[in-house]
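>>> Below are the sequence and a predicted model; questions follow.
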Amino acid sequence: MKERFLILLALAVFSIAMPAGAQVKKMKIYISVDMEGVVGVVSADQLTPSGFEYQKFREFMTAETNAAIEGAVAAGVTEIVLSDSHGNAENLLIEKLPKNVMLVRGFPRPLEMMQGIDATFDGVMFIGYHASTANPDGVRAHTFSSARLADVRLNGSSVSEGAFNAAVAGHFNVPVIMVSGDDAAVKELTASVGDIEGAIVKWNAGFHSAKTMMPEAAYDLIRERAKAAVARIKDFKPYKIKTPVQLEVRFKNYRPSELLSYLSMVDRVDSHTIRFTGKDMIETTKFIAFITNYEPGLEP
Ligand SMILES: [Zn+2]
């Protein structure tokens, strides 16, 4: 009790000492950046280091991220953590980012596309996101691994990476406030998590085709939507899912589900599908990170 009184006294003295209006309100935003939903991206030619347009599209990905940062800062955001969440997670050009942000890069990591999120953030933005593998529409639509996974379900429902990552943020009571990507990605995510701000920078015509905006127009749109999202940040609710979390993963191949079923924590649902129950989204995300990254030949 005495300690509590002293703390209250200290707080009272501190607030008297601060002149009125001197306290700047802190606002902290987490931005997870993928690449499939970046303006102009339609195929691996833009998405992988061996693609003939990859270096150019790293510039566009970085510029879209900077547009989101500019919009957020214009609306009062004071602290930003970025997460490079595509491929090798070494895509964003760090020399072209503002010096006062922090960047999470490199895979694997326990919380994957949401590494670094915690309860101190006020909101989350997704830039360059794409639709799920369960969606018949969407440029490069996939969930975590286009080569290996045919479906990811949380508590019985197929999810996109956006919805999965929104549930990770929801674990920390942080709402998703904005998404950019193709029309399918924005539509699918808003159907899952609610009426967040969406910046549609291209319209899918197939897995490897789209009608796209020009980069400068995409930056303007993303900047404007990021600013609008922060301006009405109080409107958004964290996306929380029921715990324990029942995760089902359907593999494209047969042997991953066979081998994972050797583990007593894993149930084999059918030939290609396994089920894992995580106590929360943290345990569930680490499980996904493990099964999509582990192989016995890993070096170093
Ligand atoms: Zn990606």
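Good, I have the coordinates.
>>> Tell me the spacing between Ser83 and the ion.
12 Å (Cβ to the ion, to the nearest Å). Glycine gets a C-beta too; all of them are placed from N, C-alpha and C.
>>> Kindly tell me how buried the residue lying closest to Asp220 once chain neighbours are set aside is, as a neighbour count.
Excluding its sequence neighbours, the residue lying closest to Asp220 (Cβ to Cβ, 6 or more residues apart in numbering) is Ala67, at 7.5 Å. For Ala67, the neighbour count with other Cβ atoms under 10 Å is 25.
>>> does Ala67 sit in a helix, a strand or a coil?
Three-state assignment for Ala67 (DSSP: H, G, I helix; E, B strand; the rest coil): helix.
>>> who's in contact with the residue of the stretch 51-200 of the chain found nearest the ion?
Residue of the stretch 51-200 of the chain nearest the ion, by Cβ to the ion: His86 (3.7 Å). For His86, the contact set (Cβ atoms under 8 Å, 6 or more residues apart in numbering) comprises 33-36, 47, 61, 128.
>>> Of these, which ones also sit close to the ion?
34-36 (Cβ under 5 Å from the ion).
>>> Turn the residues you listed into TSV, including neighbour count, secondary structure and pLDDT.
Converted to TSV, the ones next to the ion among the contacts of His86 look like this (neighbours: other Cβ atoms under 10 Å; DSSP: H, G, I helix; E, B strand; the rest coil; pLDDT from 0 to 100):
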residue	neighbour count	secondary structure	pLDDT
Asp34	28	coil	98
Met35	26	coil	98
Glu36	25	coil	98
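>>> out of these, who's nearest Lys25?
Asp34 (29.9 Å; Cβ to Cβ).
>>> Might you report the residue contacts of the residue in the stretch 201-300 of the chain that the ion sits nearest to?
Distances between the stretch 201-300 of the chain and the ion by Cβ to the ion are smallest at Thr292, namely 12.7 Å. Residues in contact with Thr292 (Cβ under 8 Å, 6+ apart) are 144-145, 148-149.
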